[in-house]
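*Asks:* what's the 3D shape of this:
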Amino acid sequence: MVISQPHSHGPPPRRRQWRRARAGLLAPLGLLCALLLAPSRVEADWLGTLVGTASKWVASAPQSAGSGLRTTRALDAAAAHIKRLPPKPEATLLAAESTQEGHWRFVNRAGETITAGTPEEMKRVVSLLVPDAKAEARLTLYLTEDSVFTRRATLKDLPRGSELNLCAGDESYRLVRRSEVSSDRLFAEIRSNLVVELTDAKDFAEAAWQLARPLDKASIRVLALEAGSATRLASSPRIDPVSKKALIDSIDPPSLAAALGAVRGQTVLVAGRVQGELLYFKAASGPERSLLIRDLFGAAEQADVNLIMLHASSTPRQPGGRNWLWQKVEVKGLEEALQRARVADFYNALATPTSRYLVTAKPLSAQRTLLQVSPIADLPRVVASRPLSDILGDAAASLTGRVIMAGVEANIRSAEQQRDVDWRLLPGVPATLQLGYLALMLLGLLGAPLARAWWEQVWPREDPAEYAGRSGYWAARLVRDSLFVLLFLPLTAACSGPLNLGRQIRDALLAPIRAWRWLRGGWRRSPHGAAAGSGDADIGAAGTLGAPLRPEGAAEAASLGHYRPSR
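*Replies:* Residues are numbered from 1 along each chain as shown. Have a look, this model is predicted:
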């Protein structure tokens, strides 16, 4: 007698365990995708922030040097920088960094390291690291940023008379010191006439980045404020057919703020004399007039324009006009400055050759920076030979109408915003959205088979019989497939990608088990193993020879693909 076994109508226990495990796996995967794909601020340069954070971590991470001493990545970068410099027989080059203990660590071109903690050890640094150095050679040190900004008090321990340089990124800048009663002020010499004060590492990084940018000459527009001129600006500059250079655009002064919207993303130069909050200018005829600087800067921010105001040291005549001698008015050095390669070279060409100018960068917001270039006294002047014509021209600038720059005040994009603009593939769309969309597209490709099944439930496939011609059918299919790839695929990527990837991982892990079961089932179906296989299956299923399989065993055997219930 065969006793029927009680059974439940639910899935087998093995399947229920797999479903629980899959549910437990999907929960952390969903949380991880939500964290990775969480929207950040549109205006933030997330890639630049990520790279900057990683660079700071790498710079502070210790690393073992060849001599057994521990150095930092910043010191290693400074040592690599002096290796790239051309040999200087008149100078002894060393990379240096101040430690937290107040000692100094030095590295030579060969990568050999030594630490000096006392004045006596400091005197032996050159003889130990560069034994073949000439006695008259000047010691030139390349310092890390932390040594200058964080541990500046230790600079007094360095050998007297040594030339100090600051290593920042791939560049190095000579340090200029101005002594005061209370403390010393340090400046980084960006160019022969341009210096940046080293007070804050973040402000210095902003100023140095702005000055090191390539000069985009094609996007620079020089304006002349002339009453009765055009009230609008063309989107692109007018080109002189003979010289192939951009011409000066005349604009009616009251219309300047509204006209900036037509030159979005470009750089606009205006000249005038700045007094307080007003920009004074003098047209070809008539008295001096003024504009509110606050209104111009607000319009520049709204139009996303880099507005540069050149401060005139004399009568603020407008470039391109004519003076009383019927000579063309020009900004001294502007023609040469527009031919330079970098922004620092542009300002350096506009500056007076024998004067020093201080460059400061003040953040106005996350998207804008106020860059100021103003004369600074009490710094060593640059010795430059000037022709007599330039000296006489500067002296007679008020008579001839020649505009000489006395400073610069510019409302420009911040480094963070400019990096975001540089990363954009489509103009006007923030790089954060574009790169996030591309990331969703790549993730959606992993779940494309699953997403396509969902899409067919939302928009079923077209039936050719429903269209009068093949062109209408293919047009409808093109629209459907385009919406799937461009819209539905990235929208469902956070769900379809992890789910489909989990299924593929599960199938890869279970593939050997399925192959073994398939081989085992094939052996049982062979002529040599049919009887034994069937007997074993009957005994294993019911415990009685010839008894039918239990429902659980039948369902499991059917899932393996080699059991068919008898009719």
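
*Asks:* Residue 237 - that's part of a strand, no?
*Replies:* No: counting by DSSP: H, G, I helix; E, B strand; the rest coil, residue 237 is not found in a strand; it is coil.

*Asks:* Give me the phi and psi angles of the nearest residue to it once chain neighbours are set aside.
*Replies:* The spatially closest residue to residue 237, leaving aside those adjacent along the chain, is residue 246, at 3.9 Å (Cβ to Cβ, 6 or more residues apart in numbering). The way it works is simple: take the backbone N, C-alpha and C, and place the C-beta from them, glycine included. The phi/psi pair for residue 246 (degrees, to the nearest 10) reads phi -70, psi 140.

*Asks:* With residue 335 as the reference, measure out to residue 246.
*Replies:* Computed with Cβ to Cβ, to the nearest Å, the distance linking residue 246 and residue 335 is 11 Å.

*Asks:* With residue 88 instead?
*Replies:* 35 Å.

*Asks:* Between residue 246 and residue 335, tell me which one has more neighbours.
*Replies:* Neighbour comparison, residue 246 and residue 335: the larger count goes to residue 246, with 18 against 11 (by other Cβ atoms under 10 Å).

*Asks:* and the more buried one, what is it in contact with?
*Replies:* Residues near residue 246 by Cβ atoms under 8 Å, 6 or more residues apart in numbering: 220, 221, 222, 237, 238, 239, 240.

*Asks:* quick one: pLDDT of it?
*Replies:* What the model reports as pLDDT for residue 246 is 81.

*Asks:* That one and residue 230, how far apart?
*Replies:* Residue 246 is 16 Å from residue 230, by Cβ to Cβ.

*Asks:* sorry, back to before: the residue nearest to residue 237 bridge partners, please.
*Replies:* Listed beta-bridge partners, residue 246: residue 239 (assigned using DSSP bridges).

*Asks:* Quick check: chain neighbours aside, which residue is closest to residue 501?
*Replies:* residue 446 (5.3 Å).

*Asks:* Does the one you found touch residue 497 like I think?
*Replies:* Yes: Residue 446 lies in contact with residue 497 (Cβ atoms under 8 Å); the separation is 4.3 Å.

*Asks:* Between the two, which has more neighbouring residues?
*Replies:* Per other Cβ under 10 Å, whichever of residue 446 and residue 497 has more neighbours is residue 497, with 23 against 17.

*Asks:* Name the residues of the helix or strand hosting that one that come out as buried.
*Replies:* In the assignment (DSSP states H and E), residue 497 maps to helix 493-525. Of the residues in helix 493-525, 493, 494, 495, 496, 497, 498, 499, 500, 524 count as buried by neighbour count, 16 or more other Cβ atoms under 10 Å.

*Asks:* Can you spell out which helices and strands pack onto it?
*Replies:* helix 13-36, helix 431-446, helix 448-458, helix 530-542, helix 551-560 (3 or more Cβ pairs under 8 Å, 6 or more residues apart in numbering; DSSP states H and E).

*Asks:* how about stretch 292-309: buried residues?
*Replies:* Quick answer for stretch 292-309 (16+ other Cβ under 10 Å): 293, 296-297, 299-301, 303-309.

*Asks:* Kindly apply the preceding question to stretch 467-483 instead.
*Replies:* Buried-residue list, stretch 467-483, by 16+ other Cβ under 10 Å: 473, 480.

*Asks:* pLDDT of it, averaged?
*Replies:* 89.

*Asks:* Please state the offset of it from the chain centre?
*Replies:* Here stretch 467-483 is found 42 Å from its chain centre; the criterion is Cα atoms, centre = their mean, to the nearest Å.

*Asks:* on that earlier part again, any chance of the buried residues of stretch 292-309 in JSON lines, plus distance to residue 161, secondary structure and pLDDT?
*Replies:* Listed next are these as JSON lines, based on distance: Cβ to Cβ, whole Å; DSSP: H, G, I helix; E, B strand; the rest coil; pLDDT from 0 to 100:
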{"residue": "293", "distance to residue 161": "45", "secondary structure": "helix", "pLDDT": "93"}
{"residue": "296", "distance to residue 161": "48", "secondary structure": "helix", "pLDDT": "94"}
{"residue": "297", "distance to residue 161": "45", "secondary structure": "helix", "pLDDT": "94"}
{"residue": "299", "distance to residue 161": "52", "secondary structure": "helix", "pLDDT": "94"}
{"residue": "300", "distance to residue 161": "47", "secondary structure": "helix", "pLDDT": "94"}
{"residue": "301", "distance to residue 161": "48", "secondary structure": "helix", "pLDDT": "94"}
{"residue": "303", "distance to residue 161": "52", "secondary structure": "helix", "pLDDT": "93"}
{"residue": "304", "distance to residue 161": "49", "secondary structure": "coil", "pLDDT": "92"}
{"residue": "305", "distance to residue 161": "48", "secondary structure": "coil", "pLDDT": "94"}
{"residue": "306", "distance to residue 161": "42", "secondary structure": "strand", "pLDDT": "95"}
{"residue": "307", "distance to residue 161": "44", "secondary structure": "strand", "pLDDT": "95"}
{"residue": "308", "distance to residue 161": "40", "secondary structure": "strand", "pLDDT": "93"}
{"residue": "309", "distance to residue 161": "42", "secondary structure": "strand", "pLDDT": "92"}
